[in-house]
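Asker: The sequence and its predicted three-dimensional model are supplied below.
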Amino acid sequence: LDDSADPQDQLRAKVRKLLALAESPYAEEARAAASKASELITRHNLSLIEEDRERTFISRFMCDPAKRHPRHISVVSSILQRFFFVEVVWVPTWVVSKNCAGNVPGMSGQPHDIEFAAYVFDFIQGTIRAQWDQARKRHGFPGREFRQFALGVASGFLSKLEEDRRALSERIRTERSFAE
């Protein structure tokens, strides 16, 4: 991907490198790398929209169906929808393993945005798990605290991305005012 002349491949390579950096055990470093990846994707999608290129869309589920999903899954869904150019819809479904009705978050968007969003979803889930394992080892948290911990980590990602999006919007406005 790095050597490809295709701008899509180059973008994918840059985003993958950033998200690999985002696997740092240091929460702030991980959030900063995820935020930079979001900025690259935002700039790319703005140029697609401005050039009015034809786009195709696909859909896929983010995780397995469940009777109830932990609240942090809703926060991560919001992150993907607000910062990674996908639409998230909660789809009613049957949970075969529990023999009951449930739901599953599904995302729709352009194929490359779905790819990035799925990667970000897995990345945030992995970060939550890694940080939980560290916190549990260090502080001896009981397992019942996981849901609250996961919600806190996901909310931290959301807050950082919102802050960075405001800064990016201001930079883009400034760049455009100088260009005119």
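Answerer: Alright, I've got the coordinates.
Asker: Select the longest helix from the chain.
Answerer: helix 146-179 (DSSP state H).
Asker: quick one: the strands in the chain?
Answerer: 58-61, 87-95, 100-109 (DSSP state E).
Asker: Export these as CSV, with columns for distance to residue 178, mean neighbour count and mean pLDDT.
Answerer: All C-beta spots, glycine's among them, are computed from the backbone N, C-alpha and C. Converted to CSV, the strands of the chain look like this (distance: least, C-beta to C-beta, whole Å; neighbours: other C-beta atoms under 10 Å; pLDDT from 0 to 100):
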stretch, distance to residue 178, mean neighbour count, mean pLDDT
strand 58-61, 37, 13, 96
strand 87-95, 33, 14, 96
strand 100-109, 31, 18, 97
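Asker: Out of those strands, which is closest to residue 146?
Answerer: strand 100-109 (19.1 Å; C-beta to C-beta).
Asker: Can you give the distance from the closest one to the centre of its chain?
Answerer: Remark: strand 100-109 is offset 16 Å from the chain centroid, using C-alpha atoms, centre = their mean, to the nearest Å.
Asker: same check, this time on stretch 155-171
Answerer: Distance of stretch 155-171 from the chain centroid (C-alpha atoms, centre = their mean) equals 13 Å.
Asker: Tell me which residues touch residue 121, please.
Answerer: By C-beta atoms under 8 Å, 6 or more residues apart in numbering, residue 121 lies in contact with 62, 63, 76, 80.
Asker: got it, and residue 72?
Answerer: By C-beta under 8 Å, 6+ apart, the neighbours of residue 72 are 128, 147, 150, 151, 153, 154, 155.
Asker: ok, now residue 151?
Answerer: Residues in contact with residue 151 (C-beta under 8 Å, 6+ apart) are 70, 71, 72, 75.
Asker: leaving aside the residues next to it on the chain, what's closest to the last one?
Answerer: Taking C-beta to C-beta, 6 or more residues apart in numbering, and ignoring the residues beside it in sequence, residue 75 has residue 154 as its nearest neighbour in space, at 4.0 Å.
Asker: Surely the one you found touches residue 128?
Answerer: Yes: using C-beta atoms under 8 Å, residue 154 is in contact with residue 128, at 6.8 Å.
Asker: who's more crowded, the two?
Answerer: A count of neighbours by other C-beta atoms under 10 Å puts residue 154 above the other of residue 154 and residue 128, at 24 against 21.
Asker: got a pLDDT number for that one?
Answerer: Looking at residue 154, its pLDDT stands at 96.
Asker: and if you look at residue 50?
Answerer: 61.
Asker: Tell me the spatial nearest neighbour of the spatially most central residue of the chain, not counting adjacent residues.
Answerer: The centre of the chain sits closest to residue 120, judged by C-alpha atoms, centre = their mean, with a distance of 3.8 Å. Leaving aside its chain neighbours, residue 120 sits nearest to residue 84 (5.8 Å; criterion: C-beta to C-beta, 6+ apart).
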